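Enquirer: Next come a sequence and a model predicted from it.
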Amino acid sequence: MKYHQINSALFVKNRRKFMAEMKPNSVAVFNSNDIYPISADSTLPFAQHRDIFYLSGVDQEESVLLLFPDAPYEHQREILFLRETNDHIAVWEGEKLTKERAFQVSGIRTVYWLQDFHKILNEMMTYADTMYINTNEHYRATVETETREARFVKWWKERYPAHNVAKSNPILQRLRSVKESEEIDLIQHACDITEKGFRRLLGFVKPNVTEYEIEAELAHEFIRNRSKGFAYTPIIASGNNANVLHYIENNQQCKDGDLILLDVAAEYANYSSDMTRTIPVSGRFSERQKAVYNAVLRVKNEATKMLTPGTLWKQYHVEVGKIMTSELLGLGLLDKADVQNENPEWPAYKKYFMHGTSHHMGLDTHDYGLLHEPMKANMVFTVEPGIYIPNEKFGIRLEDNVVVQEKGEPFNLMRNIPVEVDEIETLMNE
């Protein structure tokens, strides 16, 4: 991996938290992701399942984690199963985890080769009453491909029908949404790499540059700072492209007078950052662009202040909508009649700001978190209001990543990334 090794103490702590929530006499199993085929002998780059990474730090295919806190023998309480490595694999594929190296990464002493998994699981099942299966229950998930985890669940249910079944996901939703200090440091590092990429762009963007050239500059800066690259598919949307919320073509020329909406960010050690900035191709905002930009910035700043312990996500978005409505009235995009006659299910402001303001982030860009439960300290959220005006051929979104604090306003992990109009114009014209 490109990233520096993470201290195994984080994963030891994460496992302890998870096992403390398990039912008596229960086993939990977590599988790595598959390597997904493209065609012929081509595959997509491997990306580890975030749950097994969160609990073990293992960042390798064909890995399984078994947790059994009430096992009769101590060495059975945490077990890793890895694909057996050898000299041949080392020559053709590179270094894989040895048993000793796996202990250094994870803090787990009991490590077996994967070929022993079914035999050892069978022994654990004779002791256990309940199995925790790991299903994907994220509110945005739409999974059509059968995963390695799903295949295991199907096999396990057929093999052990007499055992009780419990779900890992509700435990992980709560645990992963509240970050340890080490995790916040990793997200901060991803944000710092993103900052370097953005500052690089401010000196690069000029009229007639293409969106894909901007993407290439970012990829260069991210990878040279030990990131695998983008945390998600980058959006580099110039002109009217910014009014397509998930525009990812990135193939157009950026014209003088246009704005570029950049929803781009680096990952580091599987932790995401998630930044949006909007900059002028020419290095100067028009007065109208500046007015809309500053309206979005005011909404972002006011919305950020609301992210405090006890806040409910749904009510938070209602309050942000009120602030956005005021700004849209000030810009002349709405009038009082629009607001008075609005549909409560789709308020007037939604014509220009149709998406949510914040989501959890961490190991996943849209990270785990139960939205019906109150916010807690050390949750990490995006704050990303936008105003989209197709008739004027531009859209503006601004996004930072913030950590909810016990008291006071959230801590902004992107506090050093330029966002004020004057600072952006100055840096672009140096």
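Expert: Received it, and whenever you're ready, just let me know what you need. Numbers count the residues shown, from 1 in each chain.

Enquirer: alpha carbons only for contacts and neighbour counts from here, please
Expert: Will do.

Enquirer: who's in contact with the host helix or strand of A219?
Expert: Element membership of A219 [criterion: DSSP states H and E] is helix 211-223. With Cα atoms under 8 Å, 6 or more residues apart in numbering as the contact definition, helix 211-223 has outside contacts at 193-194, 196-198, 200-201, 205, 228-230, 234, 236-238, 250-254, 266.

Enquirer: Kindly recompute the last result at 7 Å.
Expert: Contacts of helix 211-223 with the rest of the structure, by Cα atoms under 7 Å, 6 or more residues apart in numbering, involve I193, K196, G197, G229, I236, N250, N251, Q252, Q253, C254, A266.

Enquirer: gap between the last one and E302?
Expert: From A266 over to E302 the distance is 26 Å, taken as Cα to Cα, to the nearest Å.

Enquirer: the more surrounded of these two?
Expert: For the pair A266 and E302, the greater number of neighbours falls to A266 (34 against 16), based on other Cα atoms under 10 Å.

Enquirer: So what sits opposite the more buried one in the bridge?
Expert: As for beta bridges, A266 partners with F230 under DSSP bridges.

Enquirer: contacting residues for the residue lying closest to H366 once chain neighbours are set aside?
Expert: Spatially, and ignoring its direct neighbours in sequence, H366 is nearest to H360 (5.8 Å; Cα to Cα, 6 or more residues apart in numbering). Under the criterion of Cα under 7 Å, 6+ apart, the contact list for H360 reads H366, D367, Y368, G369, V380, F381, T382.

Enquirer: ok, 10 Å please
Expert: Residues counted as contacts of H360 (Cα atoms under 10 Å, 6 or more residues apart in numbering) are 176-178, 366-371, 379-383, 401-402.

Enquirer: From K167, how far off is it?
Expert: Using Cα to Cα, H360 is found at 21 Å from K167.

Enquirer: Same check on L97?
Expert: 29 Å.

Enquirer: for the chain, which spans come out with low pLDDT?
Expert: 90-91 (pLDDT under 70).

Enquirer: In it, what residue spans correspond to helices?
Expert: Assigned by DSSP state H, the chain shows helices spanning 9-20, 50-56, 87-93, 99-106, 117-127, 148-159, 169-177, 181-202, 211-223, 287-305, 313-330, 336-340, 421-428.

Enquirer: wait, which of those helices is closest to I396?
Expert: Proximity of the helices of the chain to I396 was assessed by Cα to Cα; the nearest stretch is helix 287-305, lying at 6.4 Å.

Enquirer: so the closest one versus helix 421-428, what angle?
Expert: Taking axes from the mean of the first three to the mean of the last three Cα atoms, to 10 degrees, one finds helix 287-305 and helix 421-428 inclined to each other by 120 degrees.

Enquirer: Show residues contacting stretch 414-424.
Expert: Against stretch 414-424 from outside (Cα under 10 Å, 6+ apart): 188, 190-192, 194-196, 198-199, 202, 273-280, 283-285, 290, 293-294, 297, 398-402, 425, 427-428.

Enquirer: Can I get that stretch in PDB? Just the C-alpha atoms.
Expert: The C-alpha coordinates for stretch 414-424 follow below in PDB (Å, rounded to 0.1, in the frame of the first residue of the first chain):
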ATOM      1  CA  MET A 414     -10.600  21.900   5.300                       C
ATOM      2  CA  ARG A 415     -10.000  25.200   7.100                       C
ATOM      3  CA  ASN A 416      -6.800  25.700   5.100                       C
ATOM      4  CA  ILE A 417      -8.300  25.200   1.700                       C
ATOM      5  CA  PRO A 418      -9.000  28.600   0.000                       C
ATOM      6  CA  VAL A 419     -12.700  29.400  -0.200                       C
ATOM      7  CA  GLU A 420     -13.100  33.200   0.000                       C
ATOM      8  CA  VAL A 421     -13.500  35.000  -3.300                       C
ATOM      9  CA  ASP A 422     -10.600  37.300  -2.700                       C
ATOM     10  CA  GLU A 423      -8.200  34.500  -1.800                       C
ATOM     11  CA  ILE A 424      -9.100  32.500  -4.800                       C
END
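
Enquirer: What residues sit buried inside that stretch?
Expert: Applying a neighbour-count criterion of 16 or more other Cα atoms under 10 Å, the buried positions in stretch 414-424 are M414, I417, P418, V419, V421, I424.

Enquirer: would you list those in TSV and tack on distance to S106?
Expert: Written out in TSV, the entries for the buried residues of stretch 414-424 read as follows (distance: Cα to Cα, whole Å):
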residue	distance to S106
M414	30
I417	33
P418	37
V419	39
V421	45
I424	43
